[in-house]
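Asker: Fold the following for me, if possible:
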Amino acid sequence: MVCQGTSAPDQRIRLASFTCLHEIAQAYYSKLPAYMGEIFNVSVKAINEDAEEVALQAVEFWSTLCDIELDLEDDDDPSEAVNHHFITAATPHLVPVLLKQLTKQEEDQELDESSWNIAMAAGTCLGLMARTAQEAIVPLVMPFVQENISKCAGPADWRCREAATFAFGSILEGPSQSSLADTVRQAMGFLLQAMKDPNPYVRDTTAWTIGRVFEFQHDASNTEVPPLITQETLPQVVQVLLASLQDEVHIAIRVCDAIGRLAEGFMGASDNTSLLSGFFKEIITVLLSTAQRQDPSQMDSTRLQISAFEAINDLVRAAAKDTMDTVGQLIPVFLQEIQKTCGMTAQTNEQREKQAELQGQLCGVLQVLIQKLSEEDPRDKTSHKAAVLQYADQIMDTLLRVFNSGSATSVHEEAMLAVGAFTYACGRAFSKYLPMFYPYLRTGLMNHKEWQVCLTTVGTLGDVARNVESDLMPYCDELVHLLIHNLGSNDVHRSIKPQILSTIGDVALQVGEGFEKYLEPVKRMLHQAMSLSVQQAAQNQDDDFLDYNNELRIGILEAYSGIFQGLGPAKAEANMKDQVPVIIEFANSIGKDQHMDDTVVRNCVNLLGDILSTVPSTAAVLQRYAHGDWEKLLGFCNENSHLQDDTQWALSVIQNAAGRA
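Answerer: Okay, the predicted model is just below:
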């Protein structure tokens with residue numbers, strides 16, 4: 001009946017019928033095989049012949065089916081529905097239909113991000129089909145691309161060039177890198193040349209496609225395929241991208257994203273230098289200039305500014321050692337930019353939103369700069385923290401000014417994250433800033449309504465504790481009280497509570513024996529958290545519940561680990577030995593999992609190692625629980641090589657303790 005409705009004389013009925021088909025596909029996927037032939041015929045007819053509103057819904061049916069089958073492909077649960085691979089079967093027949101729709105663009109649609117039409121819907125569906133059908137889609141799309149990407153016979157042929165570029169960009173995610181390597185390498189010349197196309201829509205789509213090429217096909221650390229970007233090709237790539245930053249704002253925004261993707265592709269290739277190093281300073285300079293561009297539409301100017309800063313973030317994250325001097329020189333530049341935003345006067349809500357977005361982005365860049373300069377080389381423990389510390393007072397003064405400016409929630413989050421990064425650059429020397437920073441730390445912990453701010457503040461408290469160590473002790477009475485209150489409060493978002501537990505472990509580890517006076521209320525809260533976790537595990541809830549329960553478990557395990565290690569042998573023996581049977585029972589509940597989580601298992605095994613090394617007499621307690629489900633965790637670590645390095649010490653301690661007992 002629903003399929004019959006798709007050919008009803010009334011357009012509203014046809015539209016409603018295709019909408020029903022989406023919902024039927026989502027709710028009754030397993031029942032579809034008997035009807036797919038008819039659904040294919042009516043949907044293709046609608047896409048080719050019906051009003052655009054109906055055609056959009058027909059395309060959306062296939063996009064919905066792609067989403068369903070991608071979810072089924074990712075799901076390891078054999079009890080879930082069987083994947084019938086409808087998309088793989090339909091690909092040879094549906095792709096030509098979708099390609100025809102790509103030339104039905106609307107004039108100037110690239111200027112409006114909210115626009116949606118049959119060309120955009122078809123391209124989106126093509127991208128989903130590429131992720132589902134993978135390599136099978138390439139030979140179906142490439143003839144269309146090759147035929148149309150350079151077509152210039154008449155003024156309307158921009159539609160063909162844009163459609164071909166859109167089609168190519170849409171199929172880059174899904175097929176393997178090796179299957180597309182030669183095609184992409186040949187296409188790069190066309191794409192770079194197309195950045196000078198007379199039609200701005202073609203240039204916009206080309207910039208988007210180049211970004212997709214870098215995202216899915218450029219990985220300098222992958223030695224299995226020849227590199228896409230080489231010493232010979234990079235100069236032209238950089239030259240074209242930097243020149244295109246002067247293009248119309250909407251195109252420049254796409255180019256910023258492409259530059260960021262280009263930088264990401266060099267991450268992990270080399271620590272000391274990279275091909276990008278020789279262009280690093282030039283690219284940063286042009287991006288900083290781009291961020292200052294003014295446009296008649298202030299909203300577009302703000303978007304371009306933020307896009308330029310995001311590209312700088314990506315470049316800094318990927319920066320090699322030989323560019324660290326340039327990275328360090330950016331700190332005073334961005335401190336000055338943040339200070340400018342603090343002095344802005346916003347009259348309207350729209351202006352305040354733009355100011356907050358910009359201020360948050362600037363704090364985010366500062367955080368990335370500090371993190372990069374604070375990274376230690378694992379080989380020689382060297383870093384470039386000195387480049388941060390020479391501006392330490394200015395950094396903290398600027399961030400305190402942001403906190404004090406009454407900015408929006410998002411800004412406080414970014415500023416908190418920047419403080420967290422700054423603590424690692426300062427180490428224990430951050431203690432000098434605690435009296436000034438503490439009021440904002442306390443306010444963030446009490447900000448239950450804006451839970452993201454509270455969550456970020458809890459994480460920053462952990463950063464502070466790890467770096468100032470016992471210098472945090474004078475503040476602990478109130479801090480621990482606030483953490484315990486938040487754990488027990490129904491007004492506090494549940495996502496914060498696992499992080500609170502982990503932070504309690506950080507604080508306990510750093511203040512050592514000074515944490516003894518907080519043990520009773522903390523142990524009560526840990527017992528309640530364990531009971532909740534065991535109860536949730538037994539209920540076998542959906543994936544969201546399982547993910548949350550694993551986060552809760554990690555928080556509990558990290559809290560106990562910090563407490564045992566922080567108290568030391570004597571205090572742990574006196575105050576925590578009674579907790580060991582409860583912890584082992586908790587480990588038993590984790591051992592019952594059908595699908596074990598690596599992080600949970602690693603933390604649980606390491607906690608048992610911490611307990612045994614801190615309080616050796618607990619070996620006898622562990623022996624009483626021999627052959628329990630907790631022992632499955634040991635086997636899981638031994639069977640998975642990626643866990644062995646992280647748990648080898650704990651496994652050895654547990655094995656020795658079992659021998660002694």
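Asker: Near the residue lying closest to residue 157 once chain neighbours are set aside, how many other residues are there?
Answerer: Leaving aside its sequence neighbours, residue 157 sits nearest to residue 151 (Cβ to Cβ, 6 or more residues apart in numbering; 4.5 Å). (C-beta placed from N, C-alpha, C; glycine too.) Residues near residue 151, counting by other Cβ atoms under 10 Å, number 15.
Asker: mind listing what residue 151 touches?
Answerer: Shown in contact with residue 151 (Cβ atoms under 8 Å, 6 or more residues apart in numbering): 157, 160, 161, 164.
Asker: What of residue 418?
Answerer: Residue 418 touches 363, 364, 366, 367, 370, 395, 399, counting by Cβ under 8 Å, 6+ apart.
Asker: Would you mind giving the residues you listed as TSV with pLDDT added?
Answerer: Formatted as TSV, those follow (pLDDT from 0 to 100):
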residue	pLDDT
363	93
364	93
366	95
367	96
370	95
395	95
399	94
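Asker: sorry, back to before: most neighbours among the contacts of residue 151, which one?
Answerer: Within the contacts of residue 151, neighbour counts (other Cβ under 10 Å) peak at residue 164, which reaches 28 neighbours.
Asker: Return the distance of that one relative to residue 195.
Answerer: To residue 195, residue 164 is 15 Å away according to Cβ to Cβ, to the nearest Å.
Asker: coming back round to it: least confident pick among the contacts of residue 151?
Answerer: Minimum pLDDT for these is recorded at residue 157 (86).
Asker: Any chance of the contacts of residue 151 in JSON lines with secondary structure as columns?
Answerer: Below are the contacts of residue 151 laid out as JSON lines (DSSP: H, G, I helix; E, B strand; the rest coil):
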{"residue": "157", "secondary structure": "helix"}
{"residue": "160", "secondary structure": "helix"}
{"residue": "161", "secondary structure": "helix"}
{"residue": "164", "secondary structure": "helix"}
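Asker: just those now: which is nearest residue 124?
Answerer: Within the contacts of residue 151, the smallest distance to residue 124 is 16.5 Å, found for residue 164 (Cβ to Cβ).
Asker: show me where the stretch 501-650 of the chain has helices.
Answerer: All helices of the stretch 501-650 of the chain, identified by DSSP state H, counting those that start in this stretch, fall at 519-539, 543-575, 580-591, 598-614, 619-624, 631-639, 641-660.
Asker: Would you mind saying which of those lies nearest residue 209?
Answerer: Checking these against residue 209 by Cβ to Cβ gives helix 543-575 as the closest, at 33.6 Å.
Asker: Okay, angle between the closest one and helix 580-591 too, please.
Answerer: Interaxial angle, helix 543-575 versus helix 580-591 (axes from the mean of the first three to the mean of the last three Cα atoms, to 10 degrees): 160 degrees.
Asker: For the helix or strand where residue 126 lies, give me every contacting residue.
Answerer: Per DSSP states H and E: residue 126 is located in helix 118-133. Identification of contacts with helix 118-133 by Cβ under 8 Å, 6+ apart yields 47, 52, 55-56, 59-60, 62-63, 66-67, 69-70, 73, 87-88, 91, 94-95, 98-99, 101-106, 109, 137, 141, 163, 166-167, 170-175.
Asker: Whichever helix or strand comes after that helix packs against which elements?
Answerer: Using DSSP H and E, the next helix or strand after helix 118-133 towards the C-terminus is helix 138-148. Packing partners of helix 138-148 (3 or more Cβ pairs under 8 Å, 6 or more residues apart in numbering; DSSP states H and E): helix 86-101, helix 158-170, helix 177-194.
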